[in-house]
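In: Please work out how this folds:
(one chain, ligands or ions: 1)
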Amino acid sequence: MVCIQNALIIKSLNKGKYTMVRDNNTYFPSSEWLENAHVNSIDKYNEIYEESIKGPDQFWASVADRIDWYKRWDKVSDVDYNEAKISWYLNGKLNVSYNCLDRHIDSGNGDKTAIIWEGNDPSEDKKYTYSELLVRVKKIANVLKSLGVKKGDRVCLYMQMIPELSIAMLACCRIGAVHSVVFGAFSADSLRDRINDSSCKILITQDTGVRGVKNNIPMKENADKALTNTPSIDSVVVVKRTGVDIEMVSGRDVWWHEETINASEDCEPVEMDSEDPLFILYTSGSTGKPKGVLHTSGGYLVYASYTHEIIFDYKKNDVYWCTADIGWITGHSYIVYGPMSNGATTIMFEGVPNYPDFGRFWDVVDKHKVNQFYTAPTALRALMKEGNTWVESKNLSSLRILGTVGEPIKEPEWKWYNKIIGKENCPIVDTWWQTETGGILISPLPAATPTKPGSATLPFFGINPVLLSDEGEEIKGNNTQGLLALKTSWPGQMRTIYGDHKRFFDTYFSQFRGYYFTGDGAKRDKDGYYWITGRVDDVLNISGHRIGTAEVEGAIGKANGVAEAAVVGFPHDIKGQGIYAFVTLMTGVNSSERIFESIISSVVKEIGPHAKPDKMQFAPALPKTRSGKIMRRILRKIAENDVDSMGDISTLADPSVVESLIKGSIQV
Ligand code: PRX
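Out: Numbers count the residues shown, from 1 in each chain. As a prediction, the model looks like this:
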C-alpha cells in the first residue's frame, strides 16, 4: 500500500515553486494553482486508490459515466486471466466518434478548437473546431461506406501527422470500421505484412510527407510497393499533402479531396457494443512477427478519457500537446481519443524537435500557449545537449504540467526538464504504460504525488501492480526488485492479438498464471515507488520506439552473404538504447563496406530507417550453448563494454568465441 504521507509536504517553503525538500531528491507539488487540481493531495490519492482497489467494479462503473452510452452495461467486468478472457462494460452500447465529437457540439462547445495542427514549416498551421471536424469526419465516413466499408472491416491508415489521420480514425469509429494505423516511417514490406495480417479492405495514405528537412517522404510510392501483394485491399484513398506528382492506379486509387467534396454531411454514428473492436495497432514482441494489439470500444475510451483528465489535470480551457506520433499508442490515446473524448484542444505536430532549429518545441508552446506538454525522454536528451540558449529566449509561462513517456527518464534530463523548461514550477508526470495497456498505469498525479527523478512513482486508480520472482512468487514489501506484472484488469487493457488469441494467452498470461506479465522489470523503493528498470525480454526501446531483436535479426539475415546475426541493445546517450548487431558472414564472404551497406538497406527495406543498427560487428562465430542457443547475455556485456564481468561461460560450446568477440573490431 502507498505510504507517502501528506505530512511530508512542506507547503510553506517557496510558495509557487515546485520545491525540493526533505529526503534529498524528492520534489513536492506546491504551487497555489495545484490546490484546485482534480486530485490535490496524496491523502486524496490514497483514499481514491484504496476505494478503487477494494471495489473495482463499483469504481469503474462510476468512472464510465463520464462518457455517453446509448445503453448502459449489464455487468461491469468479466475477467479470467487463466483463459485470457477480458470484457468490460458488458452489453453497453456507445459510439466512440459520437463521444469525441457530437457530444461536445450538443453541449454547446461546437465552436471550441478541437485540433490545432502545426505543420512542419512554422508558417503553416490550421485550427479545426469540433463542428468543422464533425463535418469532415462524416464526409469521409460516407466515402468509406461508398467504397464498401462495413462495420467490422479493417481500414489501414499509413500517413504522416496530418489532420486527415485523426479525421480518418474518427470516421472509422463512426461507421464501426476498425482502423490499423501504420507508423509513417515503416517500409513498404512492413506495411504489406500489417495489411495482410488483418486483411484490410481499404488503405488511406498521402502523396508524400514532410518532416524536418525531408520534404518528399514517398508515402504513396511505398504504399504502391506494398500493394503489389495485398489481395484484401480494394481501394486506396490518397490525401494531397504536398501536391507532387504521383501515380494513381485507375480503378483502385481515389483522391480524398475529390471524393469528399460532394459527399453527404449526414452520417449517423453506428451503435457499437463495448467489446466491439475499435482499433488494431501492431507492436513488437520478443519473438515472431509484430502482434496486432486489439483494443475495444467501451473500456478503452473510458480509460483513455479518465487517465487523460486526471494525470494531466486537464481543465476545460487548457491547450494540451502530446508530441508523439499517432502511429504509436501514445498518439492514439493521448492525442486523439483521450483529449477528444474530454472535449480538449489537442495539438497535432507534423514536424520534429530540431527543425527549423532546436527551439521549435518551445516556439510551438509559446505560439499556442500550451498548458500540458507531453514528450519522450529521448527528445529531451537531444535538446538538452544543444544547450539552454534555445530555451532562454522563450516565454514558456503557459506551461503547467510536463509529462514523459516511452522509456525511463534519467535524472539529468528530468532535472533539466524541471528547471529549464518548467522553471521549477511544473510537476513532471513520468508515465509508464504500454501499447497493450491502452493507457497510463503508473504515474504521479501532478498535484498529489511527490516525485523522484527517474521514478514513475505510484499506480493509477484501479491498477494493481506486483513484482514477481523468476518463479512467479509475489515479492511483498518495499525495497525490492522483480518482474512487473498486473494482478487485476482495468478497462483499457488489450483484449487479444488480432487473429491469434492463443498467442495472446501465451505471450502475457502463460508464464505467470493469474497475472498479466508486462515484460518489464522494476524496483519498488522504501516508499512503494516503482522504478522501471527496462525490458527483461528481447524487446529493444530505441528512442522510445519498440523494436524486437528477432525482427532486426531477420532483416539482417536477408542481406546477401549473411550467415547469422544476433542483435542486442546498448546504452545510447540520446536514443536511450541503441542497436548493436553481431553478424557472421558466409564462408568465403569478407566484411566490406558493400556488405555493411547491403545489411543496412535490408533493415530499411524490411522494417524502416528507425531500426538501423547503430553499431555492427562482424564476428567469425556467435557464442552458443551446446544446444545451439545464442547466449545474448554475453553479447549484451560486449555491447555495453562491460567485459570484465562476463559471468559463467563454461556452458558455451566454444568459450574461445568470447575472446575473439571482445577483440573484434566495431564498425559504426
Ligand atoms: O519498457 C517499457 C517502456 O516502453 C515499453 C512499452 O512500449 P510501447 O508499447 O511502444 O509503448 C510506449 C508508450 C506507452 C514498456 O514495456 N516504457 C514506457 N513508458 C515508460 C517505459 N519505461 C520506463 N519508464 C516509462 N515511463
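In: What residues sit buried inside stretch 142-157?
Out: Buried residues in stretch 142-157, counted by 16 or more other C-beta atoms under 10 Å: Asn142, Val143, Leu144, Lys145, Leu147, Val149, Asp153, Arg154, Val155, Cys156, Leu157. Just so you know, the C-beta spots here come from the backbone N, C-alpha and C atoms, and that holds for glycine as well.
In: for it, what is the average pLDDT?
Out: Per-residue pLDDT over stretch 142-157 has a mean of 98.
In: Give me the distance from it to the chain's centre.
Out: Distance of stretch 142-157 from the chain centroid (C-alpha atoms, centre = their mean, to the nearest Å) equals 25 Å.
In: Would you mind measuring the gap between the ends of that stretch?
Out: Stretch 142-157 has an end-to-end distance of 17 Å (C-alpha to C-alpha, to the nearest Å).
In: With stretch 636-645 instead?
Out: So stretch 636-645: terminal residues 11 Å apart, C-alpha to C-alpha.
In: in it, what's buried?
Out: Of the residues in stretch 636-645, those buried (16+ other C-beta under 10 Å) are Lys637, Ile638, Ala639.
In: ok, those residues vs Asp245, which is closest?
Out: Nearest to Asp245 among those is Ala639, at 44.6 Å by C-beta to C-beta.
In: Would you confirm that the closest one contacts Tyr580?
Out: Yes - assessed by C-beta atoms under 8 Å, Ala639 is found in contact with Tyr580 at 3.9 Å.
In: tell me, what's touching these two both at once?
Out: Common contacts of Ala639 and Tyr580, defined by C-beta atoms under 8 Å, 6 or more residues apart in numbering, comprise Val568, Gly569, Phe570, Lys615.
In: what's the closest of these to Tyr515?
Out: Nearest to Tyr515 out of those is Gly569 (C-beta to C-beta; 25.2 Å).
In: number of nearby residues for that closest one?
Out: Close neighbours of Gly569, defined as other C-beta atoms under 10 Å, add up to 25.
In: Okay, and the beta partners of the closest residue to Ile428 other than its chain neighbours?
Out: Spatial nearest neighbour of Ile428, chain neighbours left out: Leu402 (4.8 Å); criterion: C-beta to C-beta, 6 or more residues apart in numbering. Beta-bridge partners of Leu402, counted by DSSP bridges, are Phe373, Ile428.
In: tell me the strands in the stretch 351-500 of the chain, going along the chain?
Out: Secondary structure of the stretch 351-500 of the chain (DSSP state E, counting those that start in this stretch): strands at 372-375, 401-405, 428-431, 465-468, 480-486, 496-497.
In: I'd like those strands written out as CSV, with distance to Asp193, mean neighbour count and mean pLDDT added.
Out: Listed next are the strands of the stretch 351-500 of the chain as CSV, based on distance: least, C-beta to C-beta, whole Å; neighbours: other C-beta atoms under 10 Å; pLDDT from 0 to 100:
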stretch, distance to Asp193, mean neighbour count, mean pLDDT
strand 372-375, 29, 26, 98
strand 401-405, 26, 25, 98
strand 428-431, 30, 24, 98
strand 465-468, 33, 20, 98
strand 480-486, 29, 20, 98
strand 496-497, 14, 24, 98
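In: May I ask you to confirm that Met161 is in contact with Val336?
Out: No - with contact defined as C-beta under 8 Å, Met161 does not count as touching Val336 (11.3 Å).
In: which residues do those two both contact?
Out: By C-beta under 8 Å, 6+ apart, the residues touching both Met161 and Val336 are Ile326.
In: ok, Lys214 to Asp266 distance?
Out: Here the distance between Lys214 and Asp266 works out to 39 Å (C-beta to C-beta, to the nearest Å).
In: Which one of those two is surrounded by more residues?
Out: Remark: of Lys214 and Asp266, Lys214 carries more neighbours, 14 against 9, as counted by other C-beta under 10 Å.
In: Report the beta-bridge partners for the closest residue to the ligand within the stretch 1-150 of the chain.
Out: Closest contact between the stretch 1-150 of the chain and the ligand, by C-beta to the nearest ligand atom, is at Tyr27 (16.4 Å). Taking DSSP bridges as the rule, Tyr27 bridges to Met20, Thr451.
In: go on, Asp125?
Out: Listed by DSSP bridges, the beta-bridge partners for Asp125 are Glu118.
In: Does it touch Ile115 like I think?
Out: No - Asp125 is beyond contact range of Ile115, at 10.5 Å (criterion: C-beta under 8 Å).
In: So between these two, which is more surrounded?
Out: More crowded of Asp125 and Ile115, by other C-beta under 10 Å: Ile115, with 24 against 16.
In: Grab the longest helix from this protein for me.
Out: For the chain, the helix with the greatest residue count under DSSP state H is helix 130-146.
In: which bits of the stretch 201-350 of the chain sit near the ligand?
Out: Contacts of the stretch 201-350 of the chain with the ligand, taken as C-beta under 6 Å from any ligand atom, map to Thr283, Trp328, Ile329, Thr330.
In: Just the residues you listed: which are in strands?
Out: Counted as lying in strands by DSSP state E, out of those, are Thr283.
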